[in-house]
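Peer 1: give the three-dimensional model of this entry:
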Amino acid sequence: MAPTQAMRVAGDRPRRRKHVPGQLIVRLKPAAARQIAATSLQATTPRALMAAMPDDVRGPIDFLHDSLGLQSMKPLFVVGGDDAPAQSRAMAAVHRSIARSATSAPREALAGYQIVQVKDRKIDAGVLKRLRASRAMDLVEPVPNRWLSIAADPMKIRQWGLRAIRWFDRPRPGAGRVHVAVLDSGVDARHPDLADAIEEYRHDGNGERDFLGHGTHVSGTIAAVVNNSAGIAGVANCRLHCWKVFDDPKRAGDDENFNFEFYSKALAAALDSNIKVINLSIGGEDHSKAEATIFAELIDAGVVISTAMGNEFEDGNPKEYPAGYADTIGVGAVDESHRRASFSNTGKHIKLVAPGVNILSTVPRVKASFADHTDYDSWPGTSMATPHVTGAAALVYIHRPKSRAAGLAVARRLIATATKLPAMRGRDFTPEYGAGLLDVAAAMPRAKAARKSGRKTAKAKPKRKARK
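Peer 2: Numbers count the residues shown, from 1 in each chain. Below you'll find the predicted structure:
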């Protein structure tokens, strides 16, 4: 029998590309970008615009245009203003893109970044060296590829994961004031188990439909409505902000196509928003300085970032990103016996593990390429483990104002209260399990009112599980 799309994702297709073909991230030094931004745009002839650019900027642009076939240049990490779908290679558009990267970045550390699309899809070391030689360039790197961390052989089964993380063992506070971002393949925003949980759905440049189903599955584990007499229960009844960061397939059965531009917009939008937690059930083998910079800014702003360790253990166990960046919560997967899932990557950067095999959650009501069924399906992957931690972070973050100290404290709380597993053999940390298995009951703070009054709290009955 031919493998399903979900099965092909794990191991039946050629090794994935480390970089997105034909794309570069460049960062002009902020001083150079500001100099261009200060130039009057009243004279829009190519000759006038070229004359206004410093030689150290004009040289790389000429090289991109003449040698690589420059197709577009767009600012990264910008917020507000012009959201035009495309910038042409015309000099006026290049000038405008650089100027906007200097004036619309939410932080100085994010100013000057551009994403460049060129016709020549093969960007070799010589090209990078040539561009980096300019004194105006602060960074030149290929765009890192990212993929969805779903593993093989999905099958229908009950929500054992909630029991494994002791979700039923304590009453959970309402997390309706906590906003969580899911950057993924999209979401079925009208799914009956998700419609009331979605605050915002951005699918810039793409259609509304979640063709792959991955983002819908992740979203259900985090925030599927509890006790609504339908489907499943999510870990936290928080508010979801869903961003589609993979392009719609051009043909049925196409692999996911990561869009770094939309991804960077979503990350920048979370900086000065009410978003406290971001779920990233994605991974890739290449480190990116640009991506690391925005992550550092997000963590400084108080955002908890829950990331998938990846599913390539049996294909060399590479270190994957964004889980490899400092202060993110890298999440591995365990099965029903609380043993490491065979596909789950390991490493010194792992923080803890969560259920990631046969995880029942929401999928689109229209057949999606990763799903065997509609409405609900059971999948494996560190992608499925990660949203358990994301939901737990939302529950712990409820009563804390958003700040760097608060975000780091939430992450430390989840790690410190993890359950030590027998396979860890008495150790506090292992590269396979991190600090242990997520424990929601232990992570949630005790009710303040009960402590102040000195009265014993009545033992709460577990909430009734949503009818399937």
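
Peer 1: partner strands of the lengthiest strand in the chain, parallel or antiparallel?
Peer 2: The residue-count maximum for a strand in the chain (DSSP state E) belongs to strand 19-28. Within its sheet, and counting by DSSP bridges, strand 19-28 is paired with strand 113-118 (antiparallel), strand 137-144 (antiparallel).

Peer 1: looking at that strand now, give me its mean pLDDT.
Peer 2: The predicted model assigns strand 19-28 a mean pLDDT of 92.

Peer 1: after that strand comes which helix or strand?
Peer 2: helix 30-38 (DSSP states H and E).

Peer 1: contacting residues around that next one?
Peer 2: Residues external to helix 30-38 that are found in contact with it (CB atoms under 8 Å, 6 or more residues apart in numbering): 28, 52-54, 56-57, 95, 98-103, 108, 111-112, 136, 138. Heads up, the C-betas are built off the backbone N, CA and C, glycines and all.

Peer 1: 10 Å instead, please
Peer 2: 27-29, 49, 52-54, 56-57, 75, 94-105, 108-114, 134-138 (CB atoms under 10 Å, 6 or more residues apart in numbering).

Peer 1: let's see which of those end up in strands.
Peer 2: Per DSSP E, these map to strands at Arg27, Leu28, Pro75, Tyr113, Gln114, Met137, Asp138.

Peer 1: out of those residues, who has the most neighbours?
Peer 2: The member of the ones in strands among the contacts of helix 30-38 that has the most neighbours, counting by other CB atoms under 10 Å, is Pro75 with 28 neighbours.

Peer 1: distance of it from Gly391?
Peer 2: 33 Å (CB to CB, to the nearest Å).

Peer 1: before we move on, back to that, need the winner for burial among the strands paired with strand 19-28.
Peer 2: strand 113-118 (a mean of 24; mean count of other CB atoms under 10 Å).

Peer 1: now Lys119, nearest residue through space, not along the chain?
Peer 2: Gly69 (2.9 Å; CB to CB, 6 or more residues apart in numbering).

Peer 1: same check, this time on His338
Peer 2: Leu421 (5.4 Å).

Peer 1: these two touch, right, that neighbour and Arg340?
Peer 2: Yes - at 9.1 Å, Leu421 and Arg340 qualify as touching, with contact defined as CB atoms under 10 Å.

Peer 1: who has more neighbours, those two?
Peer 2: Arg340 (21 against 18).

Peer 1: how far off centre is stretch 243-262?
Peer 2: On the basis of CA atoms, centre = their mean, to the nearest Å, stretch 243-262 sits 14 Å off its chain's mean C-alpha point.

Peer 1: do the same with stretch 169-180
Peer 2: 21 Å.

Peer 1: can you check stretch 313-320 too?
Peer 2: For stretch 313-320 - counting by CA atoms, centre = their mean - the centre lies 19 Å from the chain centre.

Peer 1: mind exporting it as PDB, just the C-alpha atoms?
Peer 2: Output in PDB follows, covering the C-alpha atoms of stretch 313-320 (Å, rounded to 0.1, in the frame of the first residue of the first chain):
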ATOM      1  CA  PHE A 313      16.800  10.700  15.500                       C
ATOM      2  CA  GLU A 314      17.000   7.700  13.200                       C
ATOM      3  CA  ASP A 315      18.400   9.900  10.400                       C
ATOM      4  CA  GLY A 316      21.500  11.200  12.300                       C
ATOM      5  CA  ASN A 317      19.800  13.000  15.200                       C
ATOM      6  CA  PRO A 318      20.800  16.500  14.000                       C
ATOM      7  CA  LYS A 319      20.500  19.500  16.200                       C
ATOM      8  CA  GLU A 320      17.500  21.400  14.900                       C
END
